[in-house]
Every structure is written in C-alpha cells, then in structure tokens.
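>>> Give me a model of this one.
(2 chains)
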Amino acid sequence: MRFPALAVILALSIFGCDSKKSSPESAPPAASKPTSARAPLVDLTASSTLAAVRTAFNAHKGEARFLTLLSPT
Amino acid sequence: MIDDPKAGSLPTIVAWIPMLDSDERPAAEAMTSTFADKLVPQFWDGERLLGKEVSRSLGVDATHASWDIYLFYPPEAEWTDAGLPPAAKVIVQAMGVVIGAKGTLPPKGDQSRVPEWAQGRADVVGEQPELGALLAAIAVPFAVQYQRR
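Next comes the predicted model:
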C-alpha cells in the first residue's frame, strides 16, 4: 500500500464528508449511505453492472471529483 | 499529508481491485478502515469491471484493468449510458515510475520509461516515492479551480 497516496486521499475525502452534511438537498447515493461509522464496501458485479459506482459518481455532478482504483495490499 | 485545506474539497470514490495474488476481498474490507470516519463510497471491483471501464474511458486497451490510478474529474463530468467520461487529469504508477496523461503535470525525468501502451498519451511525471506529493500537486490547484462558490 502506498501510504503517502492514502494520506492524500484522506485529505481529499474530508470535504466530501462535510459537503454532504451541509447539503442535505443533494442526497447521497444508496451506496454511500453509512450503516455504521464508515461506508460499507459495495461489490461491483457483472449482475449489478456498475450502477452503484455510477450513482456515486453522478451524485456529485456539479463538483470536481476524485476517483482512485487501488490494490488493497 | 496536504496541509492546504482547499485540497480537501473533492468528493472522493475509492475502488479496491484485485491485481496481486494477495488481493482478496477481506484485504479490501480491512482497508476500508483507512476512511473510518468519512463517508467515502468504497467499492470492491472483484471482477475488474470498473478497472476495465476506466481503461475504456482513457482510450487504452479495455481488456486490461486500470489500477494504482488516480483520476480527477471536472464538475460537468457525468457518467451517462455511454460510460464513464474521460478524466481531466490522471496519474498512474507504472513500470516503477509515475506517469501522467498529457497536460496533467510537467514531464520530469527519463521519458523513455513511459510504457509502450502509454506512449504518445502520457509523460513520466515523477518517481513512485513522490506519489503523494504529485497527487497534492494536482489536487490543490484542481480543487481551488473548481471550488464551489
């Protein structure tokens, strides 16, 4: 795992959390609704296509966004 | 860590993708704790569907999944039925260096290290140990440029 990169991603993620708190009218997608202290890990499968991540991506249309794909190890 | 608060103004999506032998879903589940108190959508791309969609969006061989990749999208970007739009700025770790799509960051270092699949599309922009700094160099001005008014 690339720790410096994760640190930057953490920094990037801070406002995303705050913006949802301050903008209740822009409801977050189902995939990003927390059921606990953090968002669940959502499976992308052939049967579900990429609908969940597409919804999450488009939930913030009108804002700049950041997407990353990482190996977990 | 970025110390400029403006850099934290980008909604973030993280996808974990199995590319190494040790990349099982439990490892991704463990990594979700990295964002323990943040509402960052996190996905397990176990079939590499998103990785391949990212490759397609970048105009590279979509039979190969993209990974260790960092993509920045402008506010107008929308994922339509046509697929994920191309990112405005992209960097990726490849062949021991960090390469960036043309215009992402200034070229730096030995440009002969650009992998064959990226030649003409990307520049070497730094070494892998510089990844965090390179991300910050993109994120801060990008966030400031599109800061909500």
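>>> B:D123 belongs to a strand?
Yes: B:D123 sits within a strand when classified using DSSP: H, G, I helix; E, B strand; the rest coil.
>>> Low-confidence stretches in the chain?
I'll assume chain A. A:1-5, A:8, A:10-39 (pLDDT under 70).
>>> You answered for a different chain; I wanted chain B.
In chain B (pLDDT under 70), the answer is B:1-9, B:37, B:148-149.
>>> element containing B:S55, please.
Using DSSP states H and E, B:S55 falls within helix B:49-58.
>>> Nearest to chain A: which residue in chain B?
B:G132 (2.7 Å; CB to the nearest CB). In short, each C-beta sits where N, CA and C put it, glycine included.
>>> Now that residue: which helix or strand?
Residue-wise, B:G132 maps onto helix B:131-145 under DSSP H and E.
>>> That helix: which residues count as buried?
By 16 or more other CB atoms under 10 Å in any protein chain shown, the buried positions in helix B:131-145 come out as B:L131, B:G132, B:L134, B:L135, B:A136, B:A137, B:I138, B:A139, B:V140, B:F142, B:A143.
>>> In chain B, which residue is most central in space?
Taking CA atoms, centre = their mean, the centroid of chain B lies closest to B:Y70, which sits 1.0 Å from it.
>>> Go through chain A and flag its longest strand.
Identified as the longest strand of chain A according to DSSP state E is strand A:65-70.
>>> Identify the neighbouring strands of that strand in the sheet and state each direction.
Counting by DSSP bridges, the strands paired with strand A:65-70 are strand B:12-16 (parallel), strand B:69-73 (antiparallel).
>>> quick one: the strands in chain B?
Counting by DSSP E, the strands of chain B are B:12-16, B:42-44, B:69-73, B:89-94, B:97-101, B:122-127.
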